[in-house]
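[1] need coordinates for the following:
(one chain, ligands or ions: 2)
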Amino acid sequence: MQDLSRPSSAPVPAPHPANPARALRFHAVGFDLDGTLLETAPDIANALNHALRMAGRPTIAFEQVRPMIGGGAKRLLAKALAGDGKERVPAETLDPLYAELLSHYEANIAVETKAYDGLMPALDQLAEAGIAVGVATNKLESLARHLLDQMGMLDRFACVIGGDTLGTQNAKPKPDMLFELQRQCGGGPAAFVGDSIYDTGAARAAGHPCVAVSFGYRTQPVTELGADAVIDHFDELIPALSML
Ligand SMILES: O=C(O)COP(=O)(O)O
Ligand SMILES: [Mg+2]
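    Ligands and ions are numbered 1, 2, ... in the order given. Predicted coordinates for the structure are as follows:
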C-alpha cells in the first residue's frame, strides 16, 4: 500500500549499506575475553587487591595490574605475591588466596567492566554475515560464562572455551583452545582476535590468522606481539579481517 503519510518530495531512505563481513573468507572468528571484548581490569584488580589484603600484603595500583592480566587469575596472583618475581610462592599460600580472589571476583564480576567501543556493531555484522563467533579465554570457563551472561552477551557466542576447559596445561598460548573453538563453531577457516602474547602465540601455533587489539593488556608494544594486523578500535575489525 502506498505510504500517504510521506510527502512526495521526502527523500527516499538510503538502501541498507552492504555488510563488508559477507565478503570475509572465515567461517568463524574467535575472541579473547579480558582486554579484547571487555575492559575487565578494574574488577579483576579489585579482586586481586582483596586477596592481597587478606594476605596482609600491599595492594597494587590498577595501572600496574592491567599489563599483568592474560595468563589467568592464578598466574596473576602468583605474580603479584612474588613481588620482584624472584620469590617462589608455595601452594599452601597461593591456593587459599586464589579461592578468596575467585569468590570476590565472582560476586563482583560486572561492576566496572565494560564492552569496548564498537564491539556490538562488529558482532552484529559478523552475525548478519553468518560467521560464527566464539570466545577462547584463559579465565575459568564458569567465570567467563557468568561474566558474559551478566553483560547480556552470552547468547551471541557459539561457544566459550575457558582456560580450564581442556585442562590448564592446554591453555593459551597452546593452540588447543583455538582448535576446540574452531570445531565448536562448525569447522572451516577461523581467525582469532586477542590482546596479548598468549593470544598471538596460540593463534600462531594453531595456524590461525590473528588480529591484535591495541587497547588491551600486555607488557610489550602491540607491534611486537606478532599479529597479522593491529586494530585500535572495533570499527577496524572487519576491514582488518578482510585483508587476512
Ligand atoms: O584472565 C586472564 O588473565 C586472561 O583472560 P583472557 O585470556 O580472556 O585475556
Ligand atoms: Mg586478554
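[2] spit out the contact partners of residue 170.
    By C-beta atoms under 8 Å, 6 or more residues apart in numbering, the contact list for residue 170 reads 176, 177. Bear in mind the C-beta positions are built from the backbone N, C-alpha and C, glycine included.
[3] which bits of the chain sit near ligand 1?
    Listed as neighbours of ligand 1 in the chain under the rule C-beta under 6 Å from any ligand atom: 32-35, 69-73, 76, 137-139.
[4] among the residues you listed, who's most crowded?
    Most neighbours among these, by other C-beta atoms under 10 Å: residue 137, with 33 neighbours.
[5] so who does that residue touch?
    Taking C-beta under 8 Å, 6+ apart as the test, what residue 137 contacts is 32, 33, 34, 144, 160, 161, 162, 163.
[6] how about residue 43?
    Here residue 43 is in contact with 105, 108, 109, 110, 111, 112, 113 (criterion: C-beta under 8 Å, 6+ apart).
[7] mind checking the SS state of the first one?
    This points to residue 105. helix (DSSP: H, G, I helix; E, B strand; the rest coil).
[8] grab the nearest non-local neighbour of it.
    Once flanking residues are discounted, residue 105 sits nearest to residue 47: 3.7 Å by C-beta to C-beta, 6 or more residues apart in numbering.
[9] equivalent analysis for the fourth one, please.
    Distances taken as C-beta to C-beta, 6+ apart put residue 150 closest to residue 110, at 3.9 Å, once the chain neighbours are dropped.
[10] my read: the one you found touches residue 109, true?
    Yes. Counting by C-beta atoms under 8 Å, residue 150 does reach residue 109; the two are 6.0 Å apart.
[11] between the two, who's got more neighbours?
    For residue 150 versus residue 109, neighbours defined as other C-beta under 10 Å are more numerous around residue 109 (21 against 13).
[12] quick check: phi and psi at the nearest residue to the more buried one once chain neighbours are set aside.
    With C-beta to C-beta, 6+ apart as the criterion, residue 109 has its nearest non-adjacent residue at 5.0 Å, and that residue is residue 147. With angles defined as degrees, to the nearest 10, residue 147 sits at phi -60, psi -50.
[13] briefly note if stretch 177-195 comes near ligand 2.
    Yes. For stretch 177-195, a contact with ligand 2 is found by C-beta under 5 Å from the ion, at residue 195.
[14] got the CA positions of that stretch in CSV?
    Extracted in CSV, the C-alpha atoms of stretch 177-195 (Å, rounded to 0.1, in the frame of the first residue of the first chain):
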residue,chain,number,x,y,z
MET,A,177,41.6,-24.0,22.8
LEU,A,178,41.6,-22.4,19.3
PHE,A,179,41.2,-25.8,17.6
GLU,A,180,38.3,-26.5,20.0
LEU,A,181,36.7,-23.2,19.3
GLN,A,182,37.0,-23.8,15.5
ARG,A,183,35.5,-27.2,16.0
GLN,A,184,32.6,-26.0,18.1
CYS,A,185,32.0,-23.2,15.6
GLY,A,186,31.4,-25.8,12.8
GLY,A,187,34.9,-26.0,11.3
GLY,A,188,36.3,-24.2,8.3
PRO,A,189,38.8,-21.3,8.2
ALA,A,190,39.0,-19.3,11.5
ALA,A,191,40.7,-16.1,12.6
PHE,A,192,41.5,-15.1,16.2
VAL,A,193,41.3,-11.6,17.9
GLY,A,194,43.3,-11.0,21.1
ASP,A,195,45.3,-8.6,23.1
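[15] after whatever helix or strand residue 142 lives in, next one along is what?
    Following DSSP states H and E, the helix or strand that holds residue 142 is helix 141-150. Next in sequence after helix 141-150, counting helices and strands by DSSP H and E, comes strand 159-161.
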